[in-house]
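Colleague: Need coordinates for the following:
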Amino acid sequence: MDLGVVLGKMPQIEKTTEFVRPRKESQSDSPEQETEEPVIDKIYTYSSREALRHKDFAELTPEELQEVKRMMQSIDWRFERRRTRRKTRAPHGLYLDMRRTFRQNLRYGGEPLELTWRRRKFKPRPLVVIGDISGSMERYSRALLKFIYVVSNGLKNAEAFVFSTRLTRITRQLQERNIDAALDQVAVSALDWGGGTRIGEALKTFNYQWGRRVLGRGAIVLIISDGWDRGDVDLLAKEMKRLQLSCRRLIWLNPLLGAESYQPLTRGIQAALPYTDNFLPVHNLDSLEQLGNFLERLGERKPMRR
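Modeller: Next up, the predicted model:
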């Protein structure tokens, strides 16, 4: 089990309220009166966006949340790729393309003077995201749902679920082109939004009703939750074990892990950690960017199970 790096908060830099544009040079202006480019304003504009990258999602204002949404959409998500059984043309490879080699050498009377090759095709691994929308996650739910939308939208093999007291599939709702309209549909579909937390029951529903449909071909599973649970922790541990054995990698994303004083002391987290491959923070934009880099660098070998 890898422990995520606890990220500290960066101090917020005050935004500038005015942007001074350079005055256009008139015919009467002399070279000494030329207005230089307002470098200071550019520095402050960049600094405010940089501070926003390190600001906790729970502290964002509605205006800052909209800006973070736009910044999320600019992240280039590239997931670990799996090798398929299919082959494709390649300048070099391990597999000789006999049919194409034969056709290409007909002009030489059938003599194999030019060889053509094929190699294995690679495709992104399926992604499954299971997000907590219970009352304890209320400060983070809206921002993290935007993350779920951005990371799953556009991927062919992506499934999304949310849970509080029960599990709700939201893959179809997130196919809406407008992100705000998609999240409004999710809010209507998830009737238990802001309720209690029963992680074990939600994972059991997922394992028995959806596991075989969406966990094929080495899927990566992301669980987003603070770990507060009012359900049966023994059931949680049992379903976490089942889920870990069914996927390639099981990653738990906890927004509270971004605090320096955080320790995994809740019963839910303690029951889930033994069956979690990676335990990472997801409390600000910078942690999302680090998550994207981590998912892209995942190794080809399946993680060892304890």
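Colleague: Hmm, Leu288 is touching Met71, no?
Modeller: No - using CB atoms under 8 Å, Leu288 is not in contact with Met71; the gap is 9.2 Å. (Each C-beta comes from the backbone N, C-alpha and C, glycine too.)
Colleague: which of those two has more neighbours?
Modeller: When Leu288 and Met71 are compared for neighbours, Leu288 comes out ahead with 24 against 16, by other CB atoms under 10 Å.
Colleague: check which helix or strand covers the more buried one.
Modeller: In this structure, Leu288 sits in helix 285-296 according to DSSP states H and E.
Colleague: Could I get the average pLDDT for that helix?
Modeller: Across helix 285-296, pLDDT averages out at 85.
Colleague: Give me the buried stretch members for that helix, please.
Modeller: Using 16 or more other CB atoms under 10 Å as the burial criterion, the residues of helix 285-296 that qualify are Leu285, Asp286, Ser287, Leu288, Gln290, Leu291, Gly292, Leu295.
Colleague: Turn the residues you listed into CSV, columns for distance to Tyr95.
Modeller: Formatted as CSV, the buried residues of helix 285-296 follow (distance: CB to CB, whole Å):
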residue, distance to Tyr95
Leu285, 43
Asp286, 43
Ser287, 41
Leu288, 39
Gln290, 37
Leu291, 35
Gly292, 33
Leu295, 29
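Colleague: which of those residues lies closest to Trp117?
Modeller: Nearest to Trp117 out of the buried residues of helix 285-296 is Leu295 (CB to CB; 30.2 Å).
Colleague: rewinding a little: helices or strands up against the helix holding Leu288?
Modeller: In terms of contacts (3 or more CB pairs under 8 Å, 6 or more residues apart in numbering; DSSP states H and E), helix 285-296 is packed against helix 39-53, helix 62-73, strand 278-281.
Colleague: Any idea which of the ones you listed gets closest to Thr205?
Modeller: That would be strand 278-281 among the helices and strands packed on helix 285-296, by CB to CB, at 23.1 Å.
Colleague: which helices and strands sit right next to the closest one?
Modeller: strand 2-3, strand 249-254, helix 285-296.
Colleague: Adding distance to Leu145, write those out as a markdown table.
Modeller: Formatted as a markdown table, the helices and strands packed on strand 278-281 follow (distance: least, CB to CB, whole Å):
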| stretch | distance to Leu145 |
| --- | --- |
| strand 2-3 | 26 |
| strand 249-254 | 13 |
| helix 285-296 | 13 |
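Colleague: do you know which of the ones you listed lies nearest Val162?
Modeller: strand 249-254 (13.7 Å).
Colleague: ok, the closest one: who's next to it in the sheet?
Modeller: Sheet pairing of strand 249-254 (DSSP bridges) gives strand 220-224 (parallel), strand 278-281 (parallel).
Colleague: Next one: the residue positioned nearest the centre of the chain from Ser74, what distance?
Modeller: Central residue of the chain (CA atoms, centre = their mean): Val151, 4.8 Å from the mean position. Distance, Val151 to Ser74, using CB to CB, to the nearest Å: 13 Å.
Colleague: before we move on, what about Ala182?
Modeller: 18 Å.
Colleague: hang on, isn't Arg230 packed against Thr197?
Modeller: Yes - under the criterion of CB under 8 Å, Arg230 makes contact with Thr197 at 5.6 Å.
Colleague: Give me the more crowded residue out of those two.
Modeller: Just comparing Arg230 and Thr197: by other CB under 10 Å the higher neighbour count belongs to Thr197, 25 against 16.
Colleague: tell me the pLDDT at the nearest residue to that one once chain neighbours are set aside?
Modeller: Once flanking residues are discounted, Thr197 sits nearest to Ser134: 4.0 Å by CB to CB, 6 or more residues apart in numbering. At Ser134, the model reports a pLDDT of 91.
Colleague: Got the phi and psi for Ser134?
Modeller: Ser134 has phi and psi values of phi -70, psi 180 when expressed as degrees, to the nearest 10.
Colleague: do the same with the one 3 residues further on
Modeller: The phi and psi torsions at Met137 (degrees, to the nearest 10) take the values phi -100, psi 10.
Colleague: residues contacting it?
Modeller: Leu144, Ser225, Asp226, Pro255 (CB atoms under 8 Å, 6 or more residues apart in numbering).
Colleague: Of all pairs in these, which one spans the longest distance?
Modeller: The widest separation within the contacts of Met137 (CB to CB) is 10.7 Å, between Leu144 and Asp226.
Colleague: Asp76: what secondary structure?
Modeller: coil (DSSP: H, G, I helix; E, B strand; the rest coil).
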